[in-house]
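Student: all I have is the shape, not the residue letters:
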């Protein structure tokens with residue numbers, strides 16, 4: 001009667017943006033270093049890097065081999081993250097040593113690729129959220 005229309009109802013599983021409701025964190029994250037040089041100045045970050053390196057060594061993550069002219073040397077970098085508790089206090093500092101895989105070239109540095117497999121618990125979680133919001137589901141292969 002007022003010439004207003006009903007909002008569009010999404011029935012194909014799409015989610016409107018911005019979402020109708022969202023949670024905004026009021027916790028402030030302490031500064032995270034952007035480089036090894038900055039992180040190495042702080043004891044907490046040095047301990048986090050030490051824990052990560054020890055874990056990589058203990059699990060035999062890599063094997064050192066002499067460099068070859070037939071392949072590129074792939075560097076690595078440290079990534080730092082501060083994990084917070086629910087109340088906003090610092091739970092721990094986490095450091096990860098990651099390979100700079102974007103420097104690799106197909107057929108020179110690798111011949112195979114790996115596709116991650118989703119965990120069944122993740123599928124159950126997504127399905128339960130979709131059901132609770134009465135979203136329709138589609139399955140696609142990407």
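Tutor: Done, it's in. Being a predicted model, the structure only gives us computed values, none of them experimental.

Student: surely residue 79 is within a strand?
Tutor: Yes. Judged by DSSP: H, G, I helix; E, B strand; the rest coil, residue 79 forms part of a strand.

Student: that one: what's it in contact with?
Tutor: Neighbouring residues of residue 79 by CB atoms under 8 Å, 6 or more residues apart in numbering: 95, 96, 97, 98. Placement of C-beta: from N, CA and C, glycine included.

Student: the first one against residue 40, yeah?
Tutor: When you say that, I think you mean residue 95. No. The pair residue 95 / residue 40 is not scored as a contact, 10.6 Å apart, by CB atoms under 8 Å.

Student: hang on, residue 102 in a strand?
Tutor: No. Applying three-state DSSP, one finds residue 102 to be helix, outside a strand.

Student: before we move on, the earlier item: top of the contacts of residue 79 by neighbour count?
Tutor: Highest neighbour count within those, by other CB atoms under 10 Å: residue 95, with 22 neighbours.

Student: show me what that residue is bridged to.
Tutor: Partner residues in beta bridges with residue 95: residue 80, with DSSP bridges as the criterion.
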